[in-house]
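Asks: Provide a 3D model corresponding to the input given below.
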Amino acid sequence: MAVQLNHTIVSANDSHASASFLTEILGRPAPTAWGPFLMVELDNDVTLDFMDAEGEIVAQHYAFLISEDEFDASFGRIRDRGVGYWADPSHRRAGEINRNDGGRGVYFEDPKAPHNYEIFTRPYGSGG
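Replies: Purely as a prediction, here's the structure:
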């Protein structure tokens, strides 16, 4: 059997708000509840399982490779909601997108947890 990522747990101060935010930005179906988790399903059979956590949450980075059309839609929702965005993971280039490898990419944060999300249209190192 091939080794495949099936799911990962994403800690959040408010799992419902964080999971809903991500599904709305990415244009995904509403999160599905399972036990203590709210599962965000991706197209490659991987889920991000949001779970309420107490105390300080360690920031994580989650990157989503999407099509140009999906980028336009997701980036439009980021701007429509007034979500801050950056062209770089260090958040030094505010209000910009990047053109890495001939594609487009942008970083944005979860408003209820310290996580840094990224959407991009070309895999890193693919040229362009």
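Asks: ok, Val10 to Gly76 distance?
Replies: 24 Å (C-beta to C-beta, to the nearest Å). Where C-beta positions appear, they are placed from N, C-alpha and C, glycine not excepted.
Asks: in terms of neighbours, single out the busier of these two.
Replies: Ranked by neighbour count (other C-beta atoms under 10 Å), Val10 and Gly76 place Val10 first, with 25 against 12.
Asks: residue contacts, the more buried one?
Replies: Going by C-beta atoms under 8 Å, 6 or more residues apart in numbering, Val10 touches Ser18, Ala19, Leu48, Asp49, Phe50, Met51, Gln60, Tyr62, Ala113, His115.
Asks: just the buried residues of the residues you listed.
Replies: Applying a neighbour-count criterion of 16 or more other C-beta atoms under 10 Å, the buried members of those are Ser18, Ala19, Leu48, Asp49, Phe50, Ala113, His115.
Asks: so which residues of this protein form helices?
Replies: Assigned by DSSP state H, the chain shows helices spanning 15-26, 68-80.
Asks: quick one: Val46 and Met39 touch, right?
Replies: No: counting by C-beta atoms under 8 Å, Val46 sits too far from Met39 to count as a contact (10.1 Å).
Asks: need the residues touching each of the two.
Replies: With contacts defined as C-beta under 8 Å, 6+ apart, the residues shared by Val46 and Met39 are His7.
Asks: the closest residue to Asn98 other than its chain neighbours and Asn100, how far apart?
Replies: Of all residues not flanking Asn98 in the chain, Ala87 sits nearest, at 4.2 Å (C-beta to C-beta, 6 or more residues apart in numbering). Distance of Ala87 to Asn100, computed by C-beta to C-beta: 9 Å.
Asks: and what of Glu54?
Replies: The gap separating Glu54 from Asn100 is 37 Å, by C-beta to C-beta.
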